[in-house]
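1. This is a predicted model, with the sequence first.
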Amino acid sequence: MRDDILTELFEKYYHRVYLYALSLCKEKAWAEDIASEAFEKAMLTLEDEGNGFLYWLLRVCKNLFLDEVRKNRRRQAEELTEIAVPEDALATALRKEENRRLYHAIEALPQRYVELLTLHYFAGLSLKQAADFLGISYGAAKTALFRARVQLKKRLEGDGYDL
């Protein structure tokens, strides 16, 4: 029974968790490791597969990412913004050309906006949940989301994206 639950949760949430991890680390292999390790922790501690499971799983991903950054000094936060996402990672995660262009435009935004957009639109968290997750007020999240969308729209229009 427990294996069935884990399989169902993996199939339901893996893509969201992977995209969130990719938005943090910008490396396909590292994102896969983070997502896999998060699900491994889920196997060891699963007690309730309720509504909070995705939230908990995303928190585990962020903590795993931060732990690795702390352990490995060569992966400084400033360097991470300069790492390009390999094209094959995008082709795997996002199948359509429009989605790839959107993903590139999102990744070019400041990291605080990337994380908020990823949590809200790709991981499916409500704005309130994303604000709680990021440790900011709902009003701050709402303002940041508005600013992120304005910047994203400008980037996409500048790239010839028809909005």
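-> Looks like it came in fine.

2. secondary structure class for Leu109?
-> Here Leu109 is coil, with the state taken from DSSP: H, G, I helix; E, B strand; the rest coil.

3. Remind me which helix or strand the closest residue to it other than its chain neighbours belongs to.
-> Excluding its sequence neighbours, the residue lying closest to Leu109 (C-beta to C-beta, 6 or more residues apart in numbering) is Gln151, at 5.7 Å. C-betas here are computed from N, CA, C, even on glycine. Secondary structure assignment for Gln151, by DSSP states H and E: helix 138-158.

4. would you list every one of the helices in this protein?
-> 2-25, 28-45, 53-71, 77-80, 87-93, 97-107, 111-117, 127-134, 138-158 (DSSP state H).

5. Columns mean neighbour count and mean pLDDT on top of these, output as TSV?
-> Converted to TSV, the helices of the chain look like this (neighbours: other C-beta atoms under 10 Å; pLDDT from 0 to 100):
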stretch	mean neighbour count	mean pLDDT
helix 2-25	17	84
helix 28-45	17	86
helix 53-71	17	84
helix 77-80	10	47
helix 87-93	14	47
helix 97-107	16	74
helix 111-117	19	90
helix 127-134	18	91
helix 138-158	15	91
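
6. re the thing from before, how much space separates the residue nearest to Leu109 from Pro110?
-> As judged by C-beta to C-beta, to the nearest Å, Gln151 and Pro110 stand 8 Å apart.

7. again with Glu40
-> 31 Å.

8. same deal with Asp132?
-> Separation of Asp132 from Pro110 (C-beta to C-beta) stands at 21 Å.
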